[in-house]
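S.K.: Sharing a sequence plus its predicted fold:
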Amino acid sequence: MKTTLINVDDRIKEAYEKDRRVYPCRSNRASNIGHPCMRYLVYSRKDWQKKVLPPVDLLYIFEGGNYIETLAIKRLEKAGFTVTSQQRDFEDQKAGITGHIDGFIAFPEAPEEKYPLEIKSISQWGYEAINSYEDILRSDKVWVKQYPAQMQLYLYLSNKERGMFYFVNKQNLQGKTIWVDLDYSYCEGILRKAEEVNSFLVSDEYPERIPYDRDVCGNCDFKHLCMPEQNNPSQIQFSENQELESLLNRREELEPARKEYEKIDKEVKEIAKTAPKDNIIIGGWVITRKTTKGMSPAKPQQEWIRTAVSIKPLTGNSDE
Ligand code: SF4
């Protein structure tokens, strides 16, 4: 007698569905604090019970990432490196930040020198796009945007000057290292950000929404709280306005150009900020830097310095 076949895929999915849960969030997690939306960070602390349950597909990806982490450590050890203190916990009580690091790596040539190690499994596209720390800083992927803060906090909290990302391509399991130097001013910004999150915990207030960003808001675990109108059928109007639809389509087409413009604009301004002189004339362009200083009205002892950069064609017609 033949056994009745069961649907194996569904059986696996059901097993994983039982594992779907949200965990209490009683601190600012190092892996999360680099998120670009302050409102999201405050929801993560105040409303963690209302976070959407992770879909089963995401649980598969997390599980795959754990296997890749084990594989990466074995690979590093095979090459003679030592990986210690795996999943060691860190805490900054003042800013309410916690985290646990993938480990510390040491070279056989200098075993006493240990560097924070963070292993990331990443898509083929992400793997190709990331070849330096600057690429990580400039990434428009919301999960990659959070890597710099995580590593900088591990460096800061473990009192180390340098740490290492080991990226593994999920498609072909190739690996690459990216070294990161401690950036004190970046860390200070993250600590201030954490303190700002904490300040919302003692009030009913929430920070403002960021302008809608499909990559960030579209993947947000709290968008049902933040934008309930998008989840409430009684608040949805179906429209056949063709002009509006073609504007939306064109808007979507222009999105990559906008991102490239913003990236280049930022790079130009960074160069201008560190130039030896306030004015640069190059080709048909003039770049002007203006630095303003003042005292903070809230903290009279504290001076602020702001540097503005403007870019104009040499003809004198401003482009911004
Ligand atoms: S939906 Fe967007 S604005 Fe609202 S919390 Fe999430 S990321 Fe922030």
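M.R.: Received, thanks.
S.K.: make it CA atoms for all contacts and neighbour counts henceforth
M.R.: OK.
S.K.: Is it correct that Glu243 falls within a helix?
M.R.: Yes. Glu243 forms part of a helix when assessed by DSSP: H, G, I helix; E, B strand; the rest coil.
S.K.: any idea how far the ligand is from it?
M.R.: Glu243 sits 26 Å away from the ligand, going by Cα to the nearest ligand atom, to the nearest Å.
S.K.: now Val52
M.R.: Note on Val52: its distance to the ligand, by Cα to the nearest ligand atom, is 12 Å.
S.K.: And for Ala79?
M.R.: For Ala79, the distance to the ligand - Cα to the nearest ligand atom - is 41 Å.
S.K.: now Trp125
M.R.: For Trp125, the distance to the ligand (Cα to the nearest ligand atom) stands at 23 Å.
S.K.: how about that residue, phi and psi?
M.R.: Here is the backbone geometry of Trp125 (degrees, to the nearest 10): phi -60, psi -50.
S.K.: burial count for it?
M.R.: Counted with other Cα atoms under 10 Å, residues neighbouring Trp125 total 11.
S.K.: Same question for Lys120.
M.R.: 22.
S.K.: Show me the beta-bridge partners of it.
M.R.: For Lys120, the beta-bridge partners under DSSP bridges are Phe167.
S.K.: Quick check, Val42 in contact with Ser199.
M.R.: No. Using Cα atoms under 8 Å, Val42 makes no contact with Ser199, being 9.4 Å away.
S.K.: Between these two, point out the one with more neighbours.
M.R.: Val42 (22 against 13).
S.K.: For the stretch 1-150 of the chain, which segments count as helices?
M.R.: 8-17, 38-46, 56-78, 124-129, 133-138, 147-158 (DSSP state H, counting those that start in this stretch).
S.K.: Take those helices and lay them out in a markdown table including mean pLDDT.
M.R.: Formatted as a markdown table, the helices of the stretch 1-150 of the chain follow (pLDDT from 0 to 100):
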| stretch | mean pLDDT |
| --- | --- |
| helix 8-17 | 94 |
| helix 38-46 | 97 |
| helix 56-78 | 95 |
| helix 124-129 | 93 |
| helix 133-138 | 95 |
| helix 147-158 | 95 |
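S.K.: closest to Ser31 out of these?
M.R.: Ser31 sits nearest to helix 147-158 of all the helices of the stretch 1-150 of the chain, at 5.0 Å, using Cα to Cα.
S.K.: got the buried residues for the closest one?
M.R.: Residues of helix 147-158 classed as buried: 147-157 (neighbour count, 16 or more other Cα atoms under 10 Å).
S.K.: Centre of the chain to it, how far?
M.R.: Remark: helix 147-158 is offset 13 Å from the chain centroid, using Cα atoms, centre = their mean, to the nearest Å.
S.K.: what packs against that helix?
M.R.: For helix 147-158, the elements it packs on are strand 88-92, strand 110-122, helix 133-138, strand 162-169, helix 184-201, judged by 3 or more Cα pairs under 8 Å, 6 or more residues apart in numbering; DSSP states H and E.
S.K.: per-residue confidence averaged over the second one?
M.R.: The pLDDT scores in strand 110-122 average 95.
S.K.: Remind me what that strand packs against, helices and strands.
M.R.: helix 56-78, strand 97-101, strand 103-107, helix 147-158, strand 162-169.
S.K.: Quick check: which of the ones you listed is buried the most?
M.R.: Most buried of the helices and strands packed on strand 110-122, by mean neighbour count (mean count of other Cα atoms under 10 Å): helix 147-158, with a mean of 22.
S.K.: would you put the C-alpha positions of that one in CSV?
M.R.: C-alpha atoms of helix 147-158 as CSV (Å, rounded to 0.1, in the frame of the first residue of the first chain):
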residue,chain,number,x,y,z
TYR,A,147,26.5,48.4,9.6
PRO,A,148,28.8,51.5,10.2
ALA,A,149,27.2,52.4,13.5
GLN,A,150,27.3,48.8,14.7
MET,A,151,31.1,48.5,14.0
GLN,A,152,31.9,51.9,15.3
LEU,A,153,30.2,51.1,18.6
TYR,A,154,32.0,47.8,18.9
LEU,A,155,35.3,49.7,18.3
TYR,A,156,34.4,52.4,20.8
LEU,A,157,33.0,50.1,23.5
SER,A,158,35.9,47.6,23.2
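S.K.: Give me the angle between that helix and strand 162-169.
M.R.: 140 degrees (axes from the mean of the first three to the mean of the last three Cα atoms, to 10 degrees).
S.K.: For the residue of the stretch 1-150 of the chain found nearest the ligand, which non-adjacent residue is closest in space?
M.R.: Residue nearest to the ligand within the stretch 1-150 of the chain: Tyr40 (3.8 Å; Cα to the nearest ligand atom). Of all residues not flanking Tyr40 in the chain, Phe222 sits nearest, at 6.8 Å (Cα to Cα, 6 or more residues apart in numbering).
S.K.: Quick check: which ranges of the stretch 201-320 of the chain have low pLDDT?
M.R.: In the predicted model, the stretch 201-320 of the chain carries pLDDT under 70 at residues 230-236, 238, 296-302, 316-320.
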